[in-house]
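Colleague: Provided below are the primary sequence and the corresponding predicted coordinates.
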There are 2 protein chains.
Amino acid sequence: MRLLKRGVNGLGFAALALALVTALASDLHDPSPGEPVYSVHPIGWVRKSEGRTTIVIDERYQPAMLGVEALDAVWVLYWFDRNDNPAARSLLQVHPQGNPDNPLRGVFATRSPFRPNLIALSRVKILAVHDNVIEIDGIDALPDTPVLDLKP
Amino acid sequence: MRLLKRGVNGLGFAALALALVTALASDLHDPSPGEPVYSVHPIGWVRKSEGRTTIVIDERYQPAMLGVEALDAVWVLYWFDRNDNPAARSLLQVHPQGNPDNPLRGVFATRSPFRPNLIALSRVKILAVHDNVIEIDGIDALPDTPVLDLKP
């Protein structure tokens, strides 16, 4: 009976702790009442195949590429879509490079893919532009990552 | 009667053209069916007063600043909130610096504040950090602009 009770208490505590963590996480992730929320959507995608890396711009945004062909390099803003969940967006401190030997640092002082707004930033070299496809030298993004913006 | 008819036709044409432009604009701005939409929200605000420029981080995100005080400079990602409307987000080509003598260029080849996703990017020098307030040398953003992210 004592064992059973301890078991139930243990389970109850774990459930309570989980509920608390979830509540805290969603509290951090959710905007405060009255806080603005803005929407962003992909204007293209990172594609990787046969050793080539390209940014394929959605055809309806192709007019926005006029002049990109004249640039040597471009800033790419993209979305860490694999981390788009309340837990990953609530993590405010990390061990850089995921190495527990590195002291904790705030995500605003790191390039961690865990952050409140999952925007990533990379400078890439432009190799060629054909229609809506920009061939680049490479990017530290997973294949099929949504791209939000390009800037000179 | 002919004048009246012409007037009505003219008005009809103008209304039709306006409806068409609005439809095209909202067509560009709205995500395609099935296209993902991501949400971002301010983690702080650009404040300007008495010749000082600061980024005031929302207190609940203050833990994410750990280590920012050790940086000399930081990338600031912010939101062009004054342009958050379908028309400004549908403009794909601009005359750079708003000067009609400059040939049209795609917004992805410019730093225009009109773009599909209204994310702005500036590198700023950090002068001091006190609690949740980062004093910077200046930023090309309007006062009270929402800040989305900081990166080293």
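Modeller: Yes, it's here.
Colleague: Closest to the mean position in chain A, which residue would that be?
Modeller: Taking C-alpha atoms, centre = their mean as the criterion, A:Phe80 is the residue nearest the geometric centre of chain A, at 1.9 Å.
Colleague: Quick check: that residue touching A:Ser112?
Modeller: No: checked against C-beta atoms under 8 Å, the pair A:Phe80 and A:Ser112 is beyond contact range at 9.2 Å. Just so you know, the C-beta spots here come from the backbone N, C-alpha and C atoms, and that holds for glycine as well.
Colleague: tell me the domain boundaries of chain A?
Modeller: A:1-28+A:84-115, A:43-80+A:118-152 (automatic domain parsing).
Colleague: What strands line up against the strand ranked longest in chain A, and which way round?
Modeller: For chain A, the strand that runs over the most residues, judged by DSSP state E, is strand A:119-130. Sheet pairing of strand A:119-130 (DSSP bridges) gives strand A:73-79 (antiparallel), strand A:133-136 (antiparallel).
Colleague: Looking at these, spot the one closest to B:Pro103.
Modeller: Closest to B:Pro103 of the strands paired with strand A:119-130, according to C-beta to C-beta: strand A:73-79, at 19.0 Å.
Colleague: Could you identify the helix or strand that succeeds the lowest-mean-pLDDT helix or strand in chain A?
Modeller: Sorting the helices and strands of chain A by mean pLDDT, DSSP states H and E puts helix A:2-29 at the bottom, at a mean of 47. As assigned by DSSP states H and E, the chain's next helix or strand after helix A:2-29 is strand A:38-40.
Colleague: Now do that following strand, average pLDDT.
Modeller: Per-residue pLDDT values over strand A:38-40 give a mean of 98.
Colleague: What strands line up against it, and which way round?
Modeller: Applying DSSP bridges, strand A:38-40 is found paired with strand B:38-40 (antiparallel).
Colleague: ok, and what's touching the helix or strand just after the strand it pairs with?
Modeller: Following strand B:38-40 in sequence order, the next helix or strand is strand B:44-49 (DSSP H and E). Residues from elsewhere that reach strand B:44-49 (C-beta atoms under 8 Å, 6 or more residues apart in numbering or on different chains): B:53-58, B:61, B:78, B:132, B:139, B:141-147.
Colleague: Pull out the buried residues from strand B:44-49.
Modeller: Residues B:Gly44, B:Trp45, B:Val46 are the ones in strand B:44-49 that count as buried (16 or more other C-beta atoms under 10 Å in any protein chain shown).
Colleague: repeat for stretch A:74-92
Modeller: Within stretch A:74-92, the residues that count as buried by 16+ other C-beta under 10 Å are A:74-81, A:83, A:88-92.
Colleague: Many thanks, I have nothing further to ask.
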